[in-house]
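Sequence first, then the predicted structure, then my questions.
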Amino acid sequence: MRVRSLAAIADGSGGFRLEETLLAQPREDEVLIRIKAAGICHTDYDSLKWGKPIVMGHEGSGVIEAIGSTVQDLHPGDRVALNWATPCMQCFQCQQGNQHLCEVNSPVIAGGNGFTPGHAHLDGTHWRSNPIERSFNLGTLSEFALVKSSAVVRINSPRLEFPAAAIIGCGVMTGYGSVVRASKLPPGSNAVILGCGGVGLNVIQGCRLRNASKIIAVDTNKNRLSLAKQFGATHTLLADPQDKGLMQAANEVRLLTNGRGADFAFEATARPELGAAPLAMIRNGGMAVQVSGIEQEITIDMNLFEWDKTYLNPLYGQCQPQEDFPEIIRLHQNGLLLLDELITETYSLHQLQRAFDDMLSGKNAKGVIVFE
């Protein structure tokens, strides 16, 4: 018996519509989730132009409705958060410890377009009588989602509400993991964060949790800089939108860091013209981390690499979901990591366009769709 689900369907040409889909019951290793909340990020907006219809959404949380016959340690009624980078644990990269780079299941590595063929049976979700793909193998902008059991992490904290749990699965993990897992920032380091949106604020939290000495937040938006202080920034710099490559801001960073530059710089603006900017912020031997996932072609003055600088482009904060999600939840439960405070506004699924508009205007740190 199929399950009816109202979902946001991208048309592939820049638009979307709310229409009914039909979901099959889970196969052996699958789980049917009643979605309670879905985070909104720029990738969801980008999915409108992926050239094909797709069930939108890749951040989500909810309640298990049904499980497949081989699923262990998960049960109907469990509260869960969803993770889009699901490891197979058998391929070369998984064996190297790079679960986020799984060569079998990753919708970025294996699929390259937000969907991995075969990750969950293609006929599991139907729209207009035809199978339809789901964004990042999840499709969380829908009342129900059919996913692999490896995409599910149980919420083991009574304090964590569904909207906050939903945003762990991309923006929080990407920012936090880029500091804690990817850069392995040592205590006492100086760090600069370029861009204080949802991802950047979680970079700031990661630096705070790693006991960075100076955490310098840079943005063109005063309101976001105020938020940056709430999340742990020790210093803020209001950048000039006309400051090409943030070179003026880089001079100010050097003044705050003994004339050398920061030990670490994290780019979280998603603006291609600022892809090289973190290199200008760091000292010789420092590390620049490109957090936001810029994929466009950019030009870099190689003088910015002088000398011995490292430029790292990690995926998804190098997430290992069954370790990192519980740790993030534990930190939240202990009051050490802010999640609810990231959510500027919640919306119904029928308000999705307004949620996109608010995100694109810079109004929200994070917007979340809440399902009744």
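Cool, the structure landed. Note that the structure is a prediction, hence the values are computed from the model and not measured. Numbering: from 1, shown residues only.

Tell me which stretches of the stretch 101-250 of the chain form strands.
For the stretch 101-250 of the chain, the strands defined by DSSP state E, counting those that start in this stretch cover 125-127, 130-131, 133-134, 144-148, 152-154, 190-194, 214-219, 235-238.

To Phe356, which of these lies closest?
Proximity of the strands of the stretch 101-250 of the chain to Phe356 was assessed by Cβ to Cβ; the nearest stretch is strand 133-134, lying at 18.8 Å. All C-beta spots, glycine's among them, are computed from the backbone N, C-alpha and C.

And that closest one, what does it pack against?
In terms of contacts (3 or more Cβ pairs under 8 Å, 6 or more residues apart in numbering; DSSP states H and E), strand 133-134 is packed against strand 54-55.

Show residues contacting the strand it packs on.
Contact with strand 54-55 is made by 7-10, 12, 21, 47, 114-115, 125, 127, 132-135, 139, 141-142, as judged by Cβ atoms under 8 Å, 6 or more residues apart in numbering.

Give me the residues contacting the following helix or strand past it.
Where DSSP states H and E defines the elements, the next helix or strand beyond strand 54-55 is strand 61-67. Residues from elsewhere that reach strand 61-67, judged by Cβ under 8 Å, 6+ apart: 3, 25-26, 30-38, 74-82, 144-145, 149, 152, 155, 162-163, 165-166, 168-169, 371.

that older thread, out of the strands of the stretch 101-250 of the chain, the one nearest Gln353 is which?
Using Cβ to Cβ, the nearest of the strands of the stretch 101-250 of the chain to Gln353 is strand 125-127, at 19.4 Å.

Please point out which parts of the closest one sit buried.
Thr125, His126, Trp127 (16 or more other Cβ atoms under 10 Å).

which residues in this protein form helices?
42-46, 92-95, 162-167, 173-177, 198-209, 222-231, 247-256, 277-281, 321-333, 352-360 (DSSP state H).

what about stretch 297-309, average pLDDT?
Averaging pLDDT along stretch 297-309 yields 92.

chain center to stretch 193-213: distance?
Between the centre of stretch 193-213 and the centre of its chain there are 14 Å (Cα atoms, centre = their mean, to the nearest Å).

That stretch spans what distance, first to last residue?
13 Å (Cα to Cα, to the nearest Å).

Any chance of a PyMOL selection covering the buried ones in the contacts of strand 54-55?
Here is the PyMOL command that selects the buried residues among the contacts of strand 54-55 (16+ other Cβ under 10 Å):
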select buried, resi 7+8+9+10+21+47+114+115+125+127+132+133+134+135+139+141+142
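
quick one: low-confidence ranges for the stretch 51-200 of the chain?
For the stretch 51-200 of the chain, the stretches with pLDDT under 70 are 110-123.

I'd like the helices of the chain as JSON lines, with mean neighbour count and distance to Glu103 appended.
As requested, the helices of the chain are arranged in JSON lines below (neighbours: other Cβ atoms under 10 Å; distance: least, Cβ to Cβ, whole Å):
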{"stretch": "helix 42-46", "mean neighbour count": "19", "distance to Glu103": "21"}
{"stretch": "helix 92-95", "mean neighbour count": "15", "distance to Glu103": "5"}
{"stretch": "helix 162-167", "mean neighbour count": "26", "distance to Glu103": "27"}
{"stretch": "helix 173-177", "mean neighbour count": "27", "distance to Glu103": "20"}
{"stretch": "helix 198-209", "mean neighbour count": "28", "distance to Glu103": "25"}
{"stretch": "helix 222-231", "mean neighbour count": "18", "distance to Glu103": "35"}
{"stretch": "helix 247-256", "mean neighbour count": "17", "distance to Glu103": "38"}
{"stretch": "helix 277-281", "mean neighbour count": "28", "distance to Glu103": "28"}
{"stretch": "helix 321-333", "mean neighbour count": "18", "distance to Glu103": "17"}
{"stretch": "helix 352-360", "mean neighbour count": "17", "distance to Glu103": "32"}
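
any chance of those helices in CSV, with distance to Val291 too?
Output for the helices of the chain, formatted as CSV (distance: least, Cβ to Cβ, whole Å):
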stretch, distance to Val291
helix 42-46, 13
helix 92-95, 20
helix 162-167, 16
helix 173-177, 6
helix 198-209, 6
helix 222-231, 15
helix 247-256, 17
helix 277-281, 9
helix 321-333, 15
helix 352-360, 17
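
For Asp308, find the nearest of those helices.
Ranking the helices of the chain by proximity to Asp308 (Cβ to Cβ) places helix 277-281 first, at 11.9 Å.

Distance from the chain centre to that closest one, please.
Helix 277-281 sits 22 Å away from the centroid of its parent chain (Cα atoms, centre = their mean).

Now do the contacts for the spatially most central residue of the chain.
The centre of the chain sits closest to Cys170, judged by Cα atoms, centre = their mean, with a distance of 2.3 Å. Applying Cβ under 8 Å, 6+ apart to Cys170 gives the contacts Gly39, Cys41, Thr43, His58, Glu59, Trp84, Tyr316.

For the fourth one, give me its contacts.
Just to be clear, that refers to His58. Residues near His58 by Cβ under 8 Å, 6+ apart: Thr43, Asp44, Trp84, Gly114, Ser135, Phe136, Leu138, Gly139, Thr140, Gly169, Cys170.

If we use 6 Å, what do you get?
Trp84, Ser135, Phe136, Leu138 (Cβ atoms under 6 Å, 6 or more residues apart in numbering).
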